[in-house]
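Trainee: this one's structure only:
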């Protein structure tokens, strides 16, 4: 193959044409990127530069290693190969471009270096095979919520042209040098064309995605920093707007969303699409997202846990909720619950003095942690304290702790709702009020650790109160009781031996990584645990989170998340009970058994109730 850069075409050296093509491509690319950068710089600040080593590790695992891609195995492998083919060909393109633009450089083309040429050939063939899989999936066996767009076809075609021209050029190099030269020019022109087109297409995620992973949230709260909410472009943070540029429109978030599956108007991908529209202008600077969709979110985090580029759907929706609350656009039942929380400290509207009524009937006195020191301060929570469907499980927990000799106490009427769902419902001011009252009560007690049976409370105390105090460690009762069983402090009688399935609460599992403790405890108690198809990080939400338990269901809902979940459990052969470890799960799933007609087939048992059966005989 002749040197394409020094060869003349109509009397003009090749490198002149290459310069013209490159300047045009980089100008179009840079102009569009500059317009995006201008928009992002005008948005709210959001510090995403700290803990650089942690961020680089995320990039290594999730970009270079593609961990989340493999949640969908076949297409994940295909996209993994396409990504690495893209990386290799981007590197060799820069190499060839530098040599072509400056022919005097004392380096060969990448195509003339044996190891580089072989890598191009191998990854070119693998990349073409992966593209074929992607095309079949997109056009012949398209999964739900995968967008069918002309843009996707253009990008697939351009990437295929990049790989085919490179592979064809390698194969023609020895026998047909003129064809090899033509394919070299084709390759360079197509790559430059792809570069110019990328910022205008959804496939900008090829470049923006790795930065999305690097700028992922590391605070693990799942809620954005305090703000007055957002509806207009400048009111969102730059990172929230950047989600629109990083989105691959793969539909993974939609396929995981319990609200969308139930028939609501919420589609997580459309939330990110709105961010993209705000960044690109699209004729407006304000979100045009329906309020009904905003309120449908359960904040379960399933969408975010599936996103390969770490987009942050839930914080964006919470920002929108804050603005809706400020404008008074909210469900009547939710408004009533928020009023009760502000007035009584609980969503039931019950007098604070009734918070410890569940202790009546116990054979022992539960300590008042305000008056005497305890090892564990049990932060009971609203549903575990007030709801008659849940209080039997609360008493079972107390009996187990007493039986094990655990030194524990409660705050009695000084406890307030921890505020997890309040914050996710968009009432940041009320969350602050509740948190400050609880912190004052906690500050007046003497204890070593905080215990709770409520994952929503657990998350608030562990993640969201930590920055305000941080002097304690929060423990969920599944963790403590599992340790007591393992240490032989609690001893099963051997009379309980059932086959059960376990449901992972979103705020215990997905948000805080507590998966094995409850399973280990159930096995230690004598049970056999069969897993539902969706478990651990992929567990399906009950539908109660994000304040949804306080809201009215719309008539358009086809199947509530809890109904879908109990049907999944009922499909397991030999399973007679779903074990849950969240007070809200007790409420949601027992109601779902009634509406699905599965009461005779399945029961719902709280974790402590099961262990009490095993230990007390």
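Mentor: It's in. From a predicted model like this one, the values you see are computed outputs, not experimental measurements.
Trainee: Let me see the contact set for residue 245.
Mentor: 36, 204, 205, 208, 276, 279 (C-beta atoms under 8 Å, 6 or more residues apart in numbering). Placement of C-beta: from N, CA and C, glycine included.
Trainee: oh, I was asking about residue 117
Mentor: 110, 111, 170.
Trainee: Now for the last one, how many residues are close by?
Mentor: If I follow you right, that is residue 170. Around residue 170 there are 17 other residues, counting by other C-beta atoms under 10 Å.
Trainee: Confirm it sits in a helix?
Mentor: Yes. With DSSP: H, G, I helix; E, B strand; the rest coil as the criterion, residue 170 is located in a helix.
Trainee: neighbours of residue 46, just the number please.
Mentor: Neighbours of residue 46 under the rule other C-beta under 10 Å: 17.
Trainee: Looking at the residue lying closest to it once chain neighbours are set aside now. What's its pLDDT?
Mentor: Excluding the flanking residues, the one nearest residue 46 by C-beta to C-beta, 6 or more residues apart in numbering is residue 237, at 3.8 Å. On the pLDDT scale, residue 237 is placed at 94.
Trainee: can you check residue 518 too?
Mentor: Residue 518 is assigned a pLDDT of 96 by the prediction.
Trainee: can you count the residues close to it?
Mentor: Residues lying near residue 518 (other C-beta under 10 Å) number 28.
Trainee: Wait, it touches residue 582, no?
Mentor: No. Applying C-beta atoms under 8 Å as the test, residue 518 and residue 582 come out as separate, 10.7 Å apart.
Trainee: Please identify every residue contacting each of those two.
Mentor: With C-beta under 8 Å, 6+ apart, residue 518 and residue 582 have no common neighbours.
Trainee: okay, now residue 153: neighbour count?
Mentor: Residues near residue 153, counting by other C-beta under 10 Å, number 13.
Trainee: For it, give its distance to residue 508.
Mentor: Separation of residue 153 from residue 508 (C-beta to C-beta, to the nearest Å): 43 Å.
Trainee: cool, and residue 59?
Mentor: Separation of residue 59 from residue 508 (C-beta to C-beta) stands at 28 Å.
Trainee: quick one, which of those two is more surrounded?
Mentor: Of the pair residue 59 and residue 508, residue 508 is the one with more neighbours under other C-beta under 10 Å, namely 25 against 16.
Trainee: Model confidence score at that one, please.
Mentor: Per-residue confidence (pLDDT) for residue 508: 96.
Trainee: Check whether the closest residue to residue 126 other than its chain neighbours sits in a helix, strand or coil.
Mentor: Leaving aside its chain neighbours, residue 126 sits nearest to residue 81 (5.0 Å; criterion: C-beta to C-beta, 6+ apart). The three-state label given to residue 81 by three-state DSSP is helix.
Trainee: Next one: residue 81, what pLDDT does it get?
Mentor: 91.
Trainee: Surely it and residue 128 touch.
Mentor: No. If you go by C-beta under 8 Å, residue 81 and residue 128 don't touch, sitting 9.6 Å apart.
Trainee: who's more crowded, those two?
Mentor: Neighbours per residue (other C-beta under 10 Å) separate residue 81 from residue 128, with residue 81 holding more: 20 against 17.
Trainee: For that one, give its distance to residue 201.
Mentor: 21 Å.
Trainee: Who are the contact partners of the most centrally placed residue in the chain?
Mentor: Closest residue to the average C-alpha location of the chain: residue 304 at 1.9 Å, with C-alpha atoms, centre = their mean. Contacts for residue 304 (C-beta under 8 Å, 6+ apart) come out as 253, 310, 311, 312, 313, 314.
Trainee: what's the closest of these to residue 597?
Mentor: Nearest to residue 597 among the contacts of residue 304, counting by C-beta to C-beta, is residue 253 at 31.7 Å.
Trainee: how deep is the closest one tucked in, by neighbour count?
Mentor: When neighbours are counted by other C-beta under 10 Å, residue 253 registers 25.
Trainee: Is it in a helix, a strand, or coil?
Mentor: helix.
Trainee: And residue 450, by the same measure?
Mentor: Residue 450 - assigned by three-state DSSP - is strand.
Trainee: For it, list each beta-bridge partner.
Mentor: residue 377, residue 474 (DSSP bridges).
Trainee: my guess is it meets residue 379, correct?
Mentor: Yes. The pair residue 450 / residue 379 is scored as a contact, 5.5 Å apart, by C-beta under 8 Å.
Trainee: Mind listing the shared neighbours of those two?
Mentor: Joint contacts of residue 450 and residue 379 (C-beta under 8 Å, 6+ apart) are residue 461.
Trainee: neighbour-wise, which of these two wins?
Mentor: Set side by side, residue 450 and residue 379 show more neighbours around residue 379, with 25 against 21, by other C-beta under 10 Å.
Trainee: how near is that one to residue 333?
Mentor: Applying C-beta to C-beta, the value for residue 379 to residue 333 is 25 Å.
Trainee: Okay, now the unreliable bits of the chain?
Mentor: 1, 174, 282-287, 467-471, 554-555 (pLDDT under 70).
Trainee: can you give me the strands in it?
Mentor: In the chain, the strands defined using DSSP state E lie at 8-9, 12-13, 367-368, 376-378, 408-410, 449-452, 473-476, 499-502, 528-529, 577-580, 603-606.
Trainee: Out of those strands, flag the one nearest residue 40.
Mentor: Minimum separation from residue 40 across the strands of the chain (C-beta to C-beta) falls at strand 473-476, 35.9 Å.
Trainee: Now the closest one: buried residues?
Mentor: Across strand 473-476, burial judged by 16 or more other C-beta atoms under 10 Å covers 474, 475, 476.
Trainee: Could you check how far it is from the centre of its chain?
Mentor: 23 Å (C-alpha atoms, centre = their mean, to the nearest Å).
Trainee: quick one: the closest residue to residue 276 other than its chain neighbours from residue 314, how far?
Mentor: Nearest residue to residue 276 in three dimensions, chain neighbours excluded: residue 244, at 3.0 Å (C-beta to C-beta, 6+ apart). Residue 244 sits 15 Å away from residue 314, going by C-beta to C-beta.
Trainee: Same check on residue 615?
Mentor: As judged by C-beta to C-beta, residue 615 and residue 314 stand 38 Å apart.
Trainee: before we move on, back to that, for the strands of the chain, which one sits closest to residue 159?
Mentor: Closest among the strands of the chain, using C-beta to C-beta: strand 8-9, at 26.8 Å.
Trainee: what comes into contact with the closest one?
Mentor: Outside strand 8-9, the residues within contact range by C-beta under 8 Å, 6+ apart are 14, 17.
Trainee: now it, how far from the centre of its chain.
Mentor: Computed by C-alpha atoms, centre = their mean, the chain-centroid distance of strand 8-9 equals 54 Å.
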